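*Asks:* return atomic coordinates for the entry below.
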Amino acid sequence: MIGISACLTGVACRYDGRSNLVQPLDQLIQQGKAVSFCPEVLGGLTTPREPAEIVGGTAEDVWLGNAKVITISGEDVTESFQAGAKRALEQAQQAKITVAVLKANSPSCGSQMVYDGTFSGNKIIGSGLTAALFRQNNIQVVDEHTCDFLLEENKLL
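*Replies:* Numbers count the residues shown, from 1 in each chain. Next up is the predicted model:
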């Protein structure tokens, strides 16, 4: 079973109220080969919501209590991001997910790059909170730009 960020399946749950539909990923949902979730919504955040970035360190630092997730207006939303990541992990484990396709660059789901915490559009190497938690629990994480092997396996390309 595959886990997929809900925004990639057409659910309008991004911070700006939009989605990032990737049709072949939505087809995996329709075929019953995948389940979708939005960690930020699972953490109680509304749609739309202010942009947020990891400030003061990495996702791992957030989990250790040494960094935070802050909105562009300065609100600390760390607890919501952590709660959502934990709920997403619970859902992933219940569904026996071994690989997840998570939204690139997100402070929750980014698997290779995230924004640098300055709200300037600059990205740095790193993971979002959910991606980091999934990896700590032996779930492989890729993003919509690096998931071609899954689509090929499922003959969706």
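
*Asks:* quick one: buried residues of whichever helix in the chain runs longest?
*Replies:* As assigned by DSSP state H, the longest helix anywhere in the chain is helix 78-94. Within helix 78-94, the residues that qualify as buried by neighbour count (16 or more other CB atoms under 10 Å) are 78, 80-89, 91-92. From N, CA and C alone the C-beta is placed, and that goes for glycine too.

*Asks:* and stretch 103-123, by the same measure?
*Replies:* 103-115, 117.

*Asks:* for stretch 5-15, same thing?
*Replies:* Ser5, Ala6, Cys7, Leu8, Thr9, Gly10, Val11, Cys13, Arg14, Tyr15.

*Asks:* list of residues touching that stretch?
*Replies:* 18-22, 25-26, 29, 36-38, 40-41, 47-52, 100-103, 106, 109, 144 (CB atoms under 8 Å, 6 or more residues apart in numbering).

*Asks:* next: stretch 29-42.
*Replies:* Contacts for stretch 29-42 (CB under 8 Å, 6+ apart): 1-9, 11, 13, 15, 25, 28, 47, 49, 80-81, 83-85, 87-88, 91-92, 95, 97, 108-109, 129-130, 154.

*Asks:* what does stretch 74-83 give?
*Replies:* Contacts for stretch 74-83 (CB under 8 Å, 6+ apart): 39-40, 42-45, 50, 52, 62-63, 68-71, 107-108, 129.
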